[in-house]
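[1] with the input below, show me the fold.
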Amino acid sequence: MNAIVSGPKMGKNAPVRPFPILGLLVALSCGRASRPSDAVAVDVEIERAILWELRDDARFKEIQVRCQDRVAWLRGTVSTAAVANEALSRARKAARAQAYGAEVRSEIRSRSQ
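    Take a look at the predicted model:
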């Protein structure tokens, strides 16, 4: 009797093994899925840093901060243009301290305009 020895077949009639390829695709897609959540976490940290910088000054109580894709927006109303400029300056300082390369833009209105 001849013994049948099984092993990997080579050549034209070799079976296709999808599992290593499938595993590679799953691993690559998992790496991509974490990037959006990382970007959101960075945006949250930038927002938090700016809000922390503005928290103790009553002149900034009506300012809202939103950040998306490392661009922070300040919106709200303050008493004067000087107060708006100070809020923007402090926000930029806080964003730079996070070292994420954030940009800060202002849509703050002043009542004295």
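
[2] which residues of this structure fall in strands?
    64-68, 71-78, 103-110 (DSSP state E).

[3] now the shortest one: average pLDDT?
    I take that to be strand 64-68. In this model, strand 64-68 has an average pLDDT of 95.

[4] any chance you could list what contacts that strand?
    43-44, 46-47, 50-51, 54, 72-76, 91, 102 (C-beta atoms under 8 Å, 6 or more residues apart in numbering). The way it works is simple: take the backbone N, C-alpha and C, and place the C-beta from them, glycine included.

[5] ok, of the residues you listed, which come out buried?
    The neighbour count (16 or more other C-beta atoms under 10 Å) marks 43, 46-47, 50, 54, 72-74, 76, 91, 102 as buried among these.

[6] okay, the contacts of strand 64-68 in TSV with distance to Glu62 and pLDDT next?
    Formatted as TSV, those follow (distance: C-beta to C-beta, whole Å; pLDDT from 0 to 100):
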residue	distance to Glu62	pLDDT
Asp43	22	93
Val44	21	94
Ile46	20	94
Glu47	16	95
Ile50	15	95
Leu51	13	96
Leu54	11	96
Ala72	17	95
Trp73	14	97
Leu74	11	97
Arg75	9	97
Gly76	4	97
Ala91	14	96
Ala102	22	89
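
[7] ok, those residues vs Phe60, which is closest?
    Leu54 (4.2 Å; C-beta to C-beta).

[8] hmm, the closest one is touching Ala91, no?
    Yes: the pair Leu54 / Ala91 is scored as a contact, 6.9 Å apart, by C-beta atoms under 8 Å.

[9] using PDB, write out the CA atom coordinates for stretch 67-78.
    Taking Å, rounded to 0.1, in the frame of the first residue of the first chain, the C-alpha atoms of stretch 67-78 are listed here in PDB:
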ATOM      1  CA  CYS A  67     -13.000  72.100  17.200                       C
ATOM      2  CA  GLN A  68     -13.000  69.900  14.100                       C
ATOM      3  CA  ASP A  69     -10.000  68.700  12.200                       C
ATOM      4  CA  ARG A  70      -7.700  70.700  14.400                       C
ATOM      5  CA  VAL A  71      -9.500  74.000  13.600                       C
ATOM      6  CA  ALA A  72     -11.000  75.600  16.600                       C
ATOM      7  CA  TRP A  73     -13.800  78.100  16.300                       C
ATOM      8  CA  LEU A  74     -14.700  80.700  18.900                       C
ATOM      9  CA  ARG A  75     -18.200  82.000  18.700                       C
ATOM     10  CA  GLY A  76     -20.200  84.300  20.900                       C
ATOM     11  CA  THR A  77     -20.600  87.900  22.000                       C
ATOM     12  CA  VAL A  78     -18.300  90.000  24.300                       C
END
